[in-house]
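Enquirer: Show me the folded form of this:
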Amino acid sequence: MAPRPTEVKKVAAMLEAGAESPDDLAKQVIEKLDEMRAERVQYVVVHQFGEGPAWYAGHGPYSTRKQGEKAAANNPGLAEASRTALVPVRTALGLEQLLNNVDEIAEAKSQWAVVRQDVADFKSGARTVSPQGRGWRVR
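Expert: Have a look, this model is predicted:
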């Protein structure tokens, strides 16, 4: 997971400010990184193989939706998959932070709407990866 410019700036500011001891500074930096990375939404690609007693396979996480779509489209082993979905995920800490902050409830509902739509598309077969690897298409 590559650091984002805002994360680098925040950690650099902490390093410049210093702390009472190197151990205290290390703990502060680690806690801040965990907190910042928990806020990230990542994407997992899930594939269904078969219609009746189906089995599923997933890969990821990917930092952006576009990276997940590209990975799903460029995987030659997925030609046999009957359905593919791109699912946004957060860490448990990220979900806790999101739900504990009342101001961000609208964002949580928005994320849930994306998940519900991806699941609905996956179940209906409306969203899939073409066997030719040309990316996402909607039937």
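Enquirer: how about the helices of this protein, start to end?
Expert: 5-17, 22-38, 65-73, 92-100, 105-124 (DSSP state H).
Enquirer: out of those, nearest to Ala85?
Expert: Among those, the nearest to Ala85 by Cβ to Cβ is helix 105-124 (3.5 Å). Placement of C-beta: from N, CA and C, glycine included.
Enquirer: How many residues are close by Val89?
Expert: Residues lying near Val89 (other Cβ atoms under 10 Å) number 16.
Enquirer: Would you check that it makes contact with Val45?
Expert: No. Between Val89 and Val45 there is no contact under Cβ atoms under 8 Å: 11.0 Å.
Enquirer: out of the helices of the chain, nearest to Arg83?
Expert: For those, the distance to Arg83 is smallest for helix 105-124, at 5.5 Å, taking Cβ to Cβ.
Enquirer: ranking the helices of the chain by burial, who's on top?
Expert: Most buried of the helices of the chain, by mean neighbour count (mean count of other Cβ atoms under 10 Å): helix 65-73, with a mean of 18.
Enquirer: Give me the mean pLDDT for it.
Expert: The average pLDDT for helix 65-73 rounds to 85.
Enquirer: tell me what that helix is packed against?
Expert: Applying 3 or more Cβ pairs under 8 Å, 6 or more residues apart in numbering; DSSP states H and E, one finds that helix 65-73 contacts strand 42-49, strand 55-62, strand 83-89, strand 136-138.
Enquirer: Poorly predicted segments of this structure, please.
Expert: 1, 52-53, 76-79, 95, 97-109, 122, 125-139 (pLDDT under 70).
Enquirer: Not counting sequence-adjacent ones, nearest residue to the most centrally placed residue in the chain?
Expert: The chain has Gln42 as the residue nearest its centroid, 1.3 Å off, counting by Cα atoms, centre = their mean. Closest residue to Gln42 apart from its sequence neighbours, by Cβ to Cβ, 6 or more residues apart in numbering: Pro61 at 3.7 Å.
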